[in-house]
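>>> Kindly return the folded structure for what I paste below:
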Amino acid sequence: MDSRLKEAYDRLFAAYGPRHWWPADSPFEVIVGAVLVQNTSWENVRKAIGNLRENDLLEPHALRDVPVEELEELIRPVGYYRVKARRLRHVLDFLVDRYDGDLEAMFQTNLRELRQQLLGVHGIGQETADSILLYAGGMPTFVVDAYTYRVVTRHGWLDFDADYDAIQDYFQSGLPEDVQLYNEYHALLVEVGKRHCRKKPICLGCPLAELLPEGGPLEPE
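Residues are numbered from 1 along each chain as shown. The predicted model follows:
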């Protein structure tokens, strides 16, 4: 393991402990949550998933059979609910048409191949695809988000022009290929991002503050 990544992980884990992420009762619930959580808080997603659970809709075939207008109302708490209802429908079409709703069979597919299939679904970007693969499928791919980007660039580990692929490769090449480690590390980065590595950084009390360059967090030129 890369010594810098190990020290960062150890500091975050000592500060926050295991994050128990992703909170869900089934892989399908993770997939639904990964679509709905875009640009909203997890608390809003929890409410929407609660609506689906109350109506016995947390199953691919059942949820795809729901009219789009009804689906919009069920997921209204997440915001942008009309857009997200259609994105979710695209994902459901993919799950049912290609895999007959059988997630176990889907996750038997080669990682690279399945990732490309997911990226071909309208509305599914790299972060959502990798969240589905890692958290629902238990497949070894590192999830990159805005918090991850802020941590690695402000600490000078990567340049500010680093894209998703470069950041993902940085972690995957520096860490053992370990699903649980990828899971925990990403969740810890989210936690430090929410508490400290915000749009305007709050470095006081941050577990990673001592790893910053001399002079404090870097900013793009």
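
>>> what residue lies at the spatial centre of the protein?
Compute the mean C-alpha point of the chain, and by C-alpha atoms, centre = their mean the closest residue is S131, 4.1 Å away.

>>> Please, which helix or strand holds it?
When elements are assigned from DSSP states H and E, S131 belongs to helix 126-131.

>>> L63 too?
helix 60-64.

>>> which outside residues touch that helix?
28, 32, 52, 56-57, 71, 88-89, 92-93, 95-96, 101, 103 (C-beta atoms under 8 Å, 6 or more residues apart in numbering). All C-beta spots, glycine's among them, are computed from the backbone N, C-alpha and C.

>>> mind exporting it as PDB, just the C-alpha atoms?
Extracted in PDB, the C-alpha atoms of helix 60-64 (Å, rounded to 0.1, in the frame of the first residue of the first chain):
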ATOM      1  CA  PRO A  60     -36.800  -4.500 -10.300                       C
ATOM      2  CA  HIS A  61     -39.900  -5.800 -12.100                       C
ATOM      3  CA  ALA A  62     -42.400  -4.300  -9.600                       C
ATOM      4  CA  LEU A  63     -40.700  -0.900  -9.700                       C
ATOM      5  CA  ARG A  64     -40.500  -0.800 -13.500                       C
END
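
>>> what's the average pLDDT for it?
Mean pLDDT, helix 60-64: 98.

>>> Would you tell me what the next helix or strand after that helix is?
helix 68-74.

>>> Which residue ranges make up the domains of the chain?
Domain assignment for the chain by automatic domain parsing gives 3-19+143-211, 27-136.

>>> now the residue nearest to the centre of the chain, nearest residue through space, not along the chain?
Leaving aside its sequence neighbours, S131 sits nearest to A34 (C-beta to C-beta, 6 or more residues apart in numbering; 4.3 Å).

>>> Backbone dihedrals for the one you found, please?
Phi and psi for A34, reported as degrees, to the nearest 10, are phi -60, psi -30.

>>> And the pLDDT at it?
A34 carries a pLDDT value of 97.

>>> hang on, the earlier thing: quick one: buried ones out of the contacts of helix 60-64?
Neighbour counting by 16 or more other C-beta atoms under 10 Å classes F28, V32, L52, L57, L71, L88, R89, L92, L95, V96, G101, L103 among the contacts of helix 60-64 as buried.

>>> Can you name the two of those that sit furthest apart?
Spatial extent of these (C-beta to C-beta) is set by the pair L71 and L103 at 19.6 Å.

>>> Distance check, C206 against K194.
C206 sits 12 Å away from K194, going by C-beta to C-beta, to the nearest Å.

>>> Compare neighbour counts for these two and give me the winner.
Higher neighbour count among C206 and K194: C206, with 20 against 11, using other C-beta atoms under 10 Å.

>>> what's the spacing between stretch 94-101 and its chain's center?
On the basis of C-alpha atoms, centre = their mean, to the nearest Å, stretch 94-101 sits 22 Å off its chain's mean C-alpha point.

>>> Next: stretch 172-187.
Chain-centre distance of stretch 172-187: 13 Å, with C-alpha atoms, centre = their mean.

>>> Excluding its own residues, what touches that stretch? List them.
1-2, 4-5, 9, 12-13, 18-19, 21-22, 134-135, 138-143, 145, 148, 171.

>>> Now the buried members of those residues.
The buried subset of these - by 16+ other C-beta under 10 Å - is 5, 9, 12, 19, 22, 134-135, 139-143, 145, 148, 171.
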